[in-house]
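J.: Please find the sequence and the predicted model below.
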Amino acid sequence: MKDKFYNYILKLQDTITSKLEHIDGVAKFQEDLWERPEGGGGRTRVIENGAVFEKGGVNISAVHGALPESMQNYFGVKDVDFFACGLSLVLHPKNPMVPTVHANWRYFEMYDKNGTIVDQWFGGGQDLTPYYLFDEDATHFHSVCKKACDAHQPTFYDTFKKKCDEYFWNTHRNEARGVGGLFFDYCKADGVMDMNDWYNFVTEVGDNFLKAYIPIVTKRKDLVYNGLQRDWQEIRRGRYVEFNLVHDKGTLFGLRTNGRIESILMSLPPHVQWRYNHHPEPGSEEERLLTVLAQPKNWIE
């Protein structure tokens, strides 16, 4: 399973980066191959200063070795070895009318000292973070997510949307990071789904990512914006940074397993503002966004 999924994310990275370069039309992805001293490595691809994408990363990694003590405590296990692989992406467009997007699809195994698998699971998801809210964009993104879920289990969309709303919640700000999407973790064999079933589900979500995001980019990338709207984008990006550094489990796992720091922090946008006690104008589009982010919303009737 680990070889099967790793080969899948290798191909998915190629598909996604090729499409994003085509959409941008100017910038190309820079590729870095890296190795982790304890075992494994990855292929980082970063795009910067493009016509559409100000910064973005589409990274894959496959790391293995002894599970560090801090992560043993986190998982509630003793002395075990692990294997983890996944694709993680974050795209920060230049135009504030185009939303930031994040996605991740991953697979994890744990072994005893005899090399026997003692646990295995899939995880992942994708979510949208707009700066100016176009309701039809959020509906489109969620509709593609729902269609991918419905192909496997009718309960998946509602379940994983709710988990996404709960996970991407900036508790210290009491607001959502964005308009959500899907989030799933610890997807293990049970009486309904075996590991091949989970593989098929996770790869279906991954295969539909571009259908969820690219039409939104195409529709919004050439819209006119002004300096005040750019300021708002950078202020909201500050909240994105806060979530990733304070709450995000993927960032925590990477830092605690001696992952490559440049790859872990590629999710951070290049231009950000933190303004003291900033509040948007009453009745503005900026205030409307905050109102929506204060309470998870059902985007599909």
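T.: Looks like it arrived, so ask away. Residues are numbered from 1 along each chain as shown.
J.: Quick one: residues in contact with stretch 184-192.
T.: With Cβ atoms under 8 Å, 6 or more residues apart in numbering as the test, stretch 184-192 has contacts from 119-125, 153, 156, 159-160, 163, 193, 195, 198, 201-202. Yep, even glycine has a C-beta here, placed from its N, CA and C like the rest.
J.: Could you pull up the residues touching the nearest residue to D137 once chain neighbours are set aside?
T.: Distance criterion Cβ to Cβ, 6 or more residues apart in numbering; nearest residue to D137, sequence neighbours excluded, is I216 at 4.7 Å. Residues in contact with I216 (Cβ under 8 Å, 6+ apart) are V98, P99, L128, D137, H140, F141.
J.: And the pLDDT for the second one?
T.: Looking back up the chat, that one is P99. Looking at P99, its pLDDT stands at 98.
J.: residue contacts, it?
T.: P99 is in contact with P93, L128, T129, P130, Y131, D137, G178, I216, R220, counting by Cβ under 8 Å, 6+ apart.
J.: Kindly recompute the last result at 7 Å.
T.: Neighbouring residues of P99 by Cβ atoms under 7 Å, 6 or more residues apart in numbering: L128, T129, P130, Y131, D137, I216.
J.: How about the fourth one?
T.: Under the criterion of Cβ under 7 Å, 6+ apart, the contact list for D137 reads P99, P130, I216.
J.: Now it, what are its backbone angles?
T.: phi -70, psi -40 (degrees, to the nearest 10).
J.: next one: the last one
T.: As for F141, its main-chain torsions (degrees, to the nearest 10) stand at phi -60, psi -50.
J.: So for the helix or strand containing the residue nearest to D137, what gets flagged as buried?
T.: Taking DSSP states H and E as the definition, I216 sits inside helix 209-220. By neighbour count with 16 or more other Cβ atoms under 10 Å, helix 209-220 contains the buried residues F209, L210, A212, Y213, I214, I216, V217, R220.
J.: ditto for stretch 238-258
T.: 239-240, 242-244, 247-248, 250-254, 257.
J.: follow-up on the earlier one: quick one: mean pLDDT for the helix holding I216?
T.: Across helix 209-220, the average pLDDT comes to 98.
J.: need the next SSE after that helix, C-terminal direction.
T.: helix 227-246.
J.: Which residue ranges of the stretch 101-250 of the chain form helices?
T.: Using DSSP state H, counting those that start in this stretch, the helices found in the stretch 101-250 of the chain span residues 135-150, 156-167, 195-207, 209-220, 227-246, 249-256.
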